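Enquirer: Return atomic coordinates for the entry below.
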Amino acid sequence: MAQMDISQFKNKLGAGGSRPNQFLVTLNWPAAIGAGVTGDDALLVTSAALPASNVNPTIVQYRGREVKLAGERTFDPWTITVLNDTGMKLRKAFEAWSNIMNNRADNGGSLAPATYMCDLQVAQLDRNNAEIRKYTINNAFPITVSEVALAYSANDVISEFNVTFQYSHFDVTPV
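Expert: Sure thing, here's the model as predicted:
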């Protein structure tokens, strides 16, 4: 086994390593929501993740043994955390997006995926805000808009909520 010194370790990290607090989320919105929200509102997204995928095994029996082969690839739901501004602009927009898909008032909703699916992006940035890796989350729509916790004891904090999206797949943009 080759010995490694601290200089080799630092060189492997490149320009100081990838930092989890250096990211940018780009939110796109269905046209039915209107012009009330913009891409700049994504500044209120305080946490996200690079999306995950899994390859489920296909199991075949052969002479009493399991043989595992690569099966279908699936994509885990993707979640972001959003800060509330005093007008709850993004919360209202995500609630409107949910109503496009299933409006409780009339039990209706859009049947056309193009009216409620959008592509979203999340990019890992370096410390100079250059993109290291960018993911496009294709055909996304919110499946959960979480509660906003309220409490008398919650001093000196801004309220926030989570939004979880389902999507068809993601693409990685080479950088």
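
Enquirer: alpha carbons only for contacts and neighbour counts from here, please
Expert: Noted.

Enquirer: need the longest strand for this structure.
Expert: strand 131-145 (DSSP state E).

Enquirer: Which elements pack onto that strand?
Expert: Counting contacts by 3 or more C-alpha pairs under 8 Å, 6 or more residues apart in numbering; DSSP states H and E, strand 131-145 packs against helix 89-101, strand 118-125, strand 160-166, strand 169-173.

Enquirer: try 6 Å
Expert: Contact here means 3 or more C-alpha pairs under 6 Å, 6 or more residues apart in numbering; DSSP states H and E; on that basis strand 131-145 packs against strand 118-125, strand 160-166, strand 169-173.

Enquirer: List the buried residues in the host helix or strand of residue 74.
Expert: Applying DSSP states H and E as the criterion places residue 74 in strand 65-75. Buried residues in strand 65-75, counted by 16 or more other C-alpha atoms under 10 Å: residue 75.

Enquirer: does the spatially most central residue of the chain have beta-bridge partners, and which?
Expert: Nearest to the mean C-alpha position of the chain, counting by C-alpha atoms, centre = their mean, stands residue 78 at 4.0 Å. On the basis of DSSP bridges, residue 78 is bridged to residue 165.

Enquirer: shouldn't it be in contact with residue 165?
Expert: Yes: here residue 78 reaches residue 165: they are 5.1 Å apart, a contact under C-alpha atoms under 6 Å.

Enquirer: low-confidence ranges in the protein?
Expert: 1-3, 35-36, 39 (pLDDT under 70).

Enquirer: Next one: the residue lying farthest from the centre of it relative to residue 73, how far apart?
Expert: What lies farthest from the middle of the chain is residue 63; by C-alpha atoms, centre = their mean that is 43.4 Å. Going from residue 63 to residue 73 by C-alpha to C-alpha, to the nearest Å gives 27 Å.

Enquirer: With residue 91 instead?
Expert: 32 Å.

Enquirer: still on that earlier bit, among the helices and strands packed on strand 131-145, which is nearest residue 133?
Expert: Nearest to residue 133, of all the helices and strands packed on strand 131-145, is strand 118-125, at 5.4 Å by C-alpha to C-alpha.

Enquirer: Compute the inter-axis angle for the closest one and strand 169-173.
Expert: In terms of direction (axes from the mean of the first three to the mean of the last three C-alpha atoms, to 10 degrees), strand 118-125 departs from strand 169-173 by 40 degrees.

Enquirer: Many thanks, I have nothing further to ask.
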